[in-house]
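J.: Sequence and predicted structure are below.
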Amino acid sequence: MLSLTNRKKIVSKKEQSLSERIYLPGVLKGMSITIRHLFKKKATIQYPEEKRPLSPVFRGRHVLKRDENGAERCTACGLCALACPAEAITMVAAERKPGEEHLYREEKYAKEYYIDMLRCIFCGLCEEACPKEAIFLTDRIVDTEFWREDFIYGKDKLLEPVEKDKRIDVTKRQTPAVLEFKKRPGLMHNILYDPNEKKETKRIGH
Amino acid sequence: MLSSFLVFKILLCVIVFAISLGIAAYSTLWERKFAAFLQDRIGPNRAGPGGILQPLADGGKLFFKEEIIPDVSNKFLFVLGPSLFMITALMTGVVIPWGKDFIWNGQRISLQITDINVGVLYLLGVVSVGVYGIMIGGWASNNKYALLGALRASSQMISYEIAMGISIIALIISAGGTLSLKEIVENQDAGYANVVYQPLGFLIFFICALAETNRAPFDLPETESELVGGYHTEYSSMKLGLYLFAEYINMFISSAVMSALYFGGYNFPFAKEVYSALGLNEGSLAISLIGAGVFFIKIILFINVFMWIRWTLPRFRFDQLMNLGWRYLIPLSLFNLLLTIVVEYFRGNLNF
């Protein structure tokens, strides 16, 4: 019969030899192994002071970006919610009133925006779907909470601060290669929003 | 004269008590550190610099935990168990000679609390009483796991005491026929340490000491995978602390006994040359203290070996444990005794 694995071992239950029965050689062998570990480099990372380096493409807690004038980029199109395989995102859209141009970049904006961090699987499809470069995953880690409700992040936790120096850096995720990739015709928002495309656009509906 | 004698003895008692507790406390920290080092970790290092206050934190935690006495337990015996275990653990320190005698105001002062002429027997006796602490505690808990743990502990200790006793008889025959620990140590002053004459006896004694102190690989009384917590399943707060603490004191004392019986106690090679090079006279306090220091270095080395073994070897199965004790160690120690008698007879140290 064909072997399924090359790691199989034939177990034999033969009588133990004398050196195995008196244990001592085995004991000494084991002790020599453990004592060698005494001098090895420790694997510990002293967490609060020392942090493990994250991957450059680490996908952690989300951020809702503002543009250079401090206006929210999100236009509440719902593509992120649609793309989300975990159905963690939901939002309420609203229309921009005159005089709110410094707050919202487009005429439509997300009045409320929620991500359930317990449902989120941090796949990054929301940022891939976003046509406005408004949502990004960052290298920050979702905080621990005592209550499940506290894991549903609203705009208060997701939106980045207005101040220029407190903005969240997403250049690691928004590389030129990523921007180039986002121009690909196959992507959802390019199908929906491509101005050159004359075909009928797909409609989203629940 | 009598009062100064009393004052000194009481002082010595307090010092030995404090040192036993101190070493036991810091053994708990060092055990965790050592385990961490062997597993490529760092170990506790948050309480104080390098984790030096960790034992205090652990002790404080145990004091402030809720004290539970089970409703169905025998309350008197439930409290007696850990107390007895702790008392017997501390009592063994009495006969150990910690250092050479020194002269103070023309008075010869011993660093041993009492030099009874049956010191070794006293040790074995007190260690045997220690089993009662576990037995009573496990039985009074009225819990099947605790009872099974206590049964295991007592059967294990009784089995291994036999081999231990026989190997000690062999030691006594080759070490000049005295049961006084002080004399056994003094007899190793001139010649070699007893381990040279009794290598097999030392090995048996060491294995039995591991079993007597209920440490891995013989920690079957508290196998958490099968008996929850063993004999201290029902114990909480400081009564649990007493059990755990007494085990470390036992480890300290058995290390001390091993270094006294087999490794010359406070003697060390070329001791006379070192003392004369330092210009110390016979009977000065400095000699006693240096000897005590050497003794403690030996003890600490033994404690480290105990820990090293614990973090290397897996636990024996109970039938393996009993096989090893009854079918290998006892015949082996009897053989060792016979060999010792024959050798000593032909060396002319024994006459019938």
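T.: Yes, it's here.
J.: Phi, psi for residue B:152 please.
T.: phi -60, psi -50 (degrees, to the nearest 10).
J.: Just to check, it is in contact with residue B:318?
T.: Yes - Residue B:152 is within contact range of residue B:318, at 6.7 Å (criterion: CB atoms under 8 Å). For every residue, glycine as well, the C-beta is placed using N, CA and C.
J.: which residues do these two both contact?
T.: Common contacts of residue B:152 and residue B:318, defined by CB atoms under 8 Å, 6 or more residues apart in numbering or on different chains, comprise residue B:220.
J.: tell me the SS of residue B:173?
T.: Three-state assignment for residue B:173 (DSSP: H, G, I helix; E, B strand; the rest coil): helix.
J.: Give me the contacts around the one helix or strand residue B:196 maps to.
T.: Element membership for residue B:196 (DSSP states H and E) is helix B:194-197. Where contact means CB under 8 Å, 6+ apart, the residues beyond helix B:194-197 that reach it are B:171, B:174-175, B:184, B:188, B:202, B:261-264, B:340.
J.: make it 7 Å
T.: Residues outside helix B:194-197 that contact it (CB atoms under 7 Å, 6 or more residues apart in numbering or on different chains): B:171, B:174-175, B:188, B:202, B:261-263.
J.: cool, and stretch A:69-86?
T.: A:64-67, A:89-91, A:93, A:102-106, A:108-110, A:113, A:119-121, A:123, A:125-126, A:128-135, A:159, A:162, A:188-189, A:204.
J.: Filter those down to just the buried residues.
T.: Among the contacts of stretch A:69-86, those buried by neighbour count (16 or more other CB atoms under 10 Å in any protein chain shown) are A:64-66, A:89, A:91, A:104-106, A:109-110, A:113, A:120, A:125-126, A:128-135, A:159, A:188-189.
J.: quick revisit: in the helix holding residue B:196, what's buried?
T.: Neighbour-count burial for helix B:194-197, counted by 16+ other CB under 10 Å, picks out B:194-195, B:197.
J.: Tell me which helix or strand in chain B has the weakest average pLDDT.
T.: Of all the helices and strands that make up chain B, helix B:224-227 has the lowest average by mean pLDDT, DSSP states H and E, namely a mean of 73.
J.: Report how many residues lie close to residue B:272.
T.: Residue B:272 has 11 neighbouring residues, counting by other CB atoms under 10 Å in any protein chain shown.
J.: On the three-state scheme, it is what?
T.: Under three-state DSSP, the three-state class of residue B:272 is helix.
J.: one step back: restrict the contacts of helix B:194-197 to those near chain A?
T.: When CB under 7 Å from any CB of the partner chain is applied, no member of the contacts of helix B:194-197 is adjacent to chain A.
J.: Farthest-apart pair in these, please.
T.: Put simply, by CB to CB the two of the contacts of helix B:194-197 set farthest apart are B:174 and B:263, 14.5 Å from each other.
J.: count of neighbours near residue B:347?
T.: Using other CB under 10 Å, residue B:347 is surrounded by 9 other residues.
J.: repeat for residue B:182
T.: A count of neighbours around residue B:182, defined by other CB under 10 Å, yields 23.
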